[in-house]
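In: Need the 3D shape of this:
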Amino acid sequence: MLYFRGKITHNDYHLAIVGSRNCSLESKKKLFKVIKKLPQNIVIVSGLAIGIDTCAHLSAIKTNKKTIAVLPCGIETIYPKQNIDLSQLIIQKGGAIVSEYEGKMRPTKKSFILRNKVIADLSNAVLVAEAQIKSGTMSTVNFALKQNKPIYAISGSKGTNYLLENKIAYDLPLLFKNVNN
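Out: Below is the predicted model:
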């Protein structure tokens, strides 16, 4: 069961965007350019974490796309607290915040991993913007792979380069081709 605030659309293409909390400015710039080029009916799904997730949500809002933030805690608890205003903006702009947990449950180590599964579950595909080879980001990739969902990556970090070099992920031109069809 999922709890949510805001609007969730079911017919649009949902693209999960995941990546490092300690991301580079270069990755943020690349991600904004990618999101800006995506069709308007794409819904960005991410985890509201600091770093790539925040950049994904803000970029979606700046380019008039809907976004869904998946929480690792209860629907009445926004984590991290720095993103309380962002969570409210997401709802105001026609998106949603989503959680498997009701009430004010605090996040746990396990709930972060389960949040990553929900991100994969809600999405048609996953885009990795920046990552380390061993990271929480890769757990989202693994959940999506188990569901036979396509993985895309922006080159430039150890994790994304690994995904591309090992043909686990597709490069951006294929993402644009697939979402525009």
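
In: Can you show me the strands along the chain?
Out: Assigned strands in the chain, in chain order: 3-6, 13-19, 42-46, 67-70, 96-99, 125-130, 151-153 (criterion: DSSP state E).

In: for the ones you listed, which one sits closest to K110?
Out: Among these, strand 96-99 comes nearest to K110, with 13.9 Å by C-beta to C-beta. C-beta: built from backbone N, CA, C; applies to glycine.

In: confidence score at the residue nearest in space to the middle of the chain?
Out: For the chain, the residue lying nearest the average C-alpha position, counting by C-alpha atoms, centre = their mean, turns out to be S46 (2.4 Å). S46 is assigned a pLDDT of 98 by the prediction.

In: Could you save the strands of the chain as TSV and add columns showing distance to N116?
Out: Compiled in TSV, the strands of the chain are given as follows (distance: least, C-beta to C-beta, whole Å):
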stretch	distance to N116
strand 3-6	17
strand 13-19	7
strand 42-46	10
strand 67-70	8
strand 96-99	13
strand 125-130	10
strand 151-153	13
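
In: Roughly how far does the residue nearest to the centre of the chain sit from V18?
Out: Distance, S46 to V18, using C-beta to C-beta, to the nearest Å: 7 Å.

In: Find residues that contact each of the two.
Out: 52-53, 119 (C-beta atoms under 8 Å, 6 or more residues apart in numbering).

In: how much space between the nearest residue to N161 once chain neighbours are set aside and D53?
Out: In this structure, N161 finds its nearest non-sequential neighbour in S155, 5.8 Å apart by C-beta to C-beta, 6 or more residues apart in numbering. From S155 across to D53, the span is 20 Å (C-beta to C-beta).

In: out of the two, which sits in the more crowded spot?
Out: D53 (28 against 14; other C-beta atoms under 10 Å).

In: wait, doesn't A153 sit right on K167?
Out: No. Using C-beta atoms under 8 Å, A153 is not in contact with K167, being 10.8 Å away.
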